[in-house]
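Asks: Generate coordinates for the sequence data below:
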Amino acid sequence: MRYDAAHFPEDLVFQQTADRTNFQGRYVLRHPWTGTESCEAAASYRSALAIRTEHEAQSLADLTGWNVADIRGRMHISATRWWQRIW
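Replies: Residues are numbered from 1 along each chain as shown. Next comes the predicted model:
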């Protein structure tokens, strides 16, 4: 089942039952977390997210032959790192 906020107003809720029949589900988040927490785990996540997003752009370019700059633009990521924007 696929859903979005316009067609399903609340998130799915999983609950434990007595039924022991095997069941497999997959819950895929297609957008990054944008919370404002400042803990160590959040900082680590943000650092890993930037690396992962760049890797995804490079992989898509390698697989399709598309221009990686165009892919970055559609993903709303910058090709330059923060230290490159200083000068």
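Asks: biggest helix in the chain by residues?
Replies: Ranked by number of residues, the top helix in the chain under DSSP state H is helix 40-64.
Asks: what packs against that one?
Replies: Packing partners of helix 40-64 (3 or more C-beta pairs under 8 Å, 6 or more residues apart in numbering; DSSP states H and E): helix 68-75. Heads up, the C-betas are built off the backbone N, CA and C, glycines and all.
Asks: and the residue lying farthest from the centre of the chain, helix, strand or coil?
Replies: Residue farthest from the centre of the chain, counting by C-alpha atoms, centre = their mean, is A18 at 33.5 Å. Following DSSP: H, G, I helix; E, B strand; the rest coil, we place A18 in the coil state.
Asks: Ramachandran coordinates for it?
Replies: Phi and psi for A18, reported as degrees, to the nearest 10, are phi -80, psi -10.
Asks: OK, contacts around it?
Replies: Residues near A18 by C-beta atoms under 8 Å, 6 or more residues apart in numbering: none.
Asks: H76 versus that one, what's the distance?
Replies: As judged by C-beta to C-beta, to the nearest Å, A18 and H76 stand 46 Å apart.
Asks: what's around I71, how many residues?
Replies: I71: 17 surrounding residues under other C-beta atoms under 10 Å.
Asks: That one: what's it in contact with?
Replies: Contacts of I71 (C-beta under 8 Å, 6+ apart): A57, L60, A61.
Asks: Tell me where the model's unsure across the chain.
Replies: For the chain, the stretches with pLDDT under 70 are 1-3, 79-87.
Asks: Compare the contacts of I71 and tell me which has the most neighbours.
Replies: With neighbours defined as other C-beta under 10 Å, the most crowded of those is A57; it has 21 neighbours.
Asks: Name the nearest residue to that one, ignoring sequence neighbours.
Replies: I71 (4.7 Å; C-beta to C-beta, 6 or more residues apart in numbering).
Asks: before we move on, what about E54?
Replies: Spatial nearest neighbour of E54, chain neighbours left out: I77 (6.7 Å); criterion: C-beta to C-beta, 6+ apart.
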